[in-house]
Each structure stands twice: as C-alpha cells, then as structure tokens.
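Asks: Output the structure for:
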Amino acid sequence: MSTLILLRHGQSMWNAHGRFTGWVDVPLSRDGIDEAIAAGDELADHSIDIVYMSGLMRAQQTAMIALAEYDHNRVPIVVHEDDALAAWSGIHDDEASRASIPCYVDQRLNERCYGDLQGLKKEAVAQEYGAEQCHVWRRSFDVPPPGGEDLKATAERVIPCLMDTIVPALMAGRNCLVVAHGNSLRAMVMAMEGLSQSEVLGLEIPTGQPRVYEYSDEGVFTPL
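Replies: Below you'll find the model as predicted:
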C-alpha cells in the first residue's frame, strides 16, 4: 500500500479579491500562507517520498511552506528537468540525498485556463453576461469560457499526468503529495473515484486541506 495526498493551494491574492485567476501566476494571500502552514501540520502524521506541483506560483508556495512545517528532518528539493540545470543542481552527498524530498513541477497540473476572463472580477462578469452564463463558464463540464478551458479539457491533460507519472510512483511504493488547484484536482478525483460528470461538478475541494487516499496493489484509490 502507498498513500496519495492531494492538496489545493492556499487562498491566493486574487481568490481573496474575487477575480478569475486561471494561469495568471498570482501569489498566496496572508490567509493562504496560514492555510499552507496548517496543511503542513496536518501532514505531520504522513510519510511523503515525492511531491508533484503545478507550474504556478501559488501551488509551489503552498508546497514549500507546508513541507517546511512538515519537516521530518527532510528538505524539499526542486528537481529540474532542463539538462543543464539538472546537472548543476545534482546532489553529490548520499546523506543529503536521503534527507531530501524530490519535488517535480508539471504544468499538466495547472488550474484550468479561464481565457478572456482572467483578471476580471467574478461579480463584474456576472453583471455583464448574467449570473447564469457566469455560472456555466465557472462550473460546466464542457462549456469553456471565451478563449479558455472547460473541465473536460483540463481533465484531458491532468489524467495522463496521474496515469503516466503519479501512479507509477505509487506502484513503486512511494507516498506522493500532489499540490495543485481546484479544477485540476477535481479532474483527478473524477478519475480516481469514478465520478460522473454531474458528480464532479458538485465536488468542492477546499483550499489548504489535504485529501488523503490509500492506493492498493489492485490500482484502487480508497479515501482515508
């Protein structure tokens, strides 16, 4: 058995202001930092061997703050895929290597792109286009906002990341932490729990609260 922990980033500054964020690289708010610290405390009872983060700052901030609080005498180390950076950042000490938690950045875990809505206040969009249309853009499965992605398109990049990268690590017995976003994690949970389109649209994943699964040798994810 191995463990998969999903963690939505803490509140971002644009979450706090009620703006569509998407792929805009916005940092955590003060409350978001506190949520990341609290998440680290919650992770204290779990063993973490490897971390996967989205390419966006708010997810990476959350991961690093939570892991600093988690500690366990292990240091999170970002593993670079660029050949030169990978060579320069190699660890040449076995003890330091054993005391590290490798952290990988994967843009497939990014939030859904909100396209032309990014940076706009949700309240203003609802006033201009109507509350019903705004809700459709925010929560429908296969109706994207102008220039953006719907949840279906998000799932089409997130699920291969789960199956091609994360599941093999779990099968090798490694306990994994994934730090990403509301919609990318919603797509992942849809695949893991076999949710229908209507069920996944009703799924809420709060910021800064770990969601823990046990992964069996039979490939079954069981919520803990």
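Asks: can you map out the strands along this protein?
Replies: Using DSSP state E, the strands assigned to the chain run over residues 2-8, 50-53, 75-78, 100-105, 176-180, 211-215, 221-223.
Asks: Would you point to the one among those that's packed deepest?
Replies: Per residue and on average, the most neighbours among those fall to strand 176-180, with a mean of 27 (mean count of other Cβ atoms under 10 Å). C-beta: built from backbone N, CA, C; applies to glycine.
Asks: Any idea what the most centrally placed residue in the chain is bridged to?
Replies: Central residue of the chain (Cα atoms, centre = their mean): residue 180, 1.1 Å from the mean position. On the basis of DSSP bridges, residue 180 is bridged to residue 8.
Asks: who's in contact with it?
Replies: By Cβ atoms under 8 Å, 6 or more residues apart in numbering, the residues touching residue 180 are 6-9, 52-54, 59, 109-111, 188.
Asks: Show residues contacting the lowest-mean-pLDDT helix or strand in the chain.
Replies: Lowest by mean pLDDT, DSSP states H and E among the helices and strands of the chain is helix 83-88, with a mean of 86. The contact list for helix 83-88, computed with Cβ under 8 Å, 6+ apart, reads 79-80.
Asks: swap in stretch 108-125?
Replies: 14, 17-24, 52-56, 59, 134, 137-138, 144-151, 153-154, 157-158, 160-161, 178, 180-184.
Asks: what does stretch 204-224 give?
Replies: 1-11, 15, 32, 35-36, 38-39, 42-43, 46, 62, 167, 170-171, 182, 185-186, 189, 192-193.
Asks: Can you say which of those are buried?
Replies: 2-11, 15, 32, 35-36, 38-39, 42-43, 62, 167, 170, 182, 185-186, 189, 192 (16 or more other Cβ atoms under 10 Å).
Asks: quick one: residue 211 from residue 80, how far?
Replies: Per Cβ to Cβ, to the nearest Å, residue 211 is found 28 Å from residue 80.
Asks: Apologies, that question was intended for residue 86.
Replies: 5 Å.
Asks: Next: residue 51.
Replies: The gap separating residue 51 from residue 80 is 14 Å, by Cβ to Cβ.
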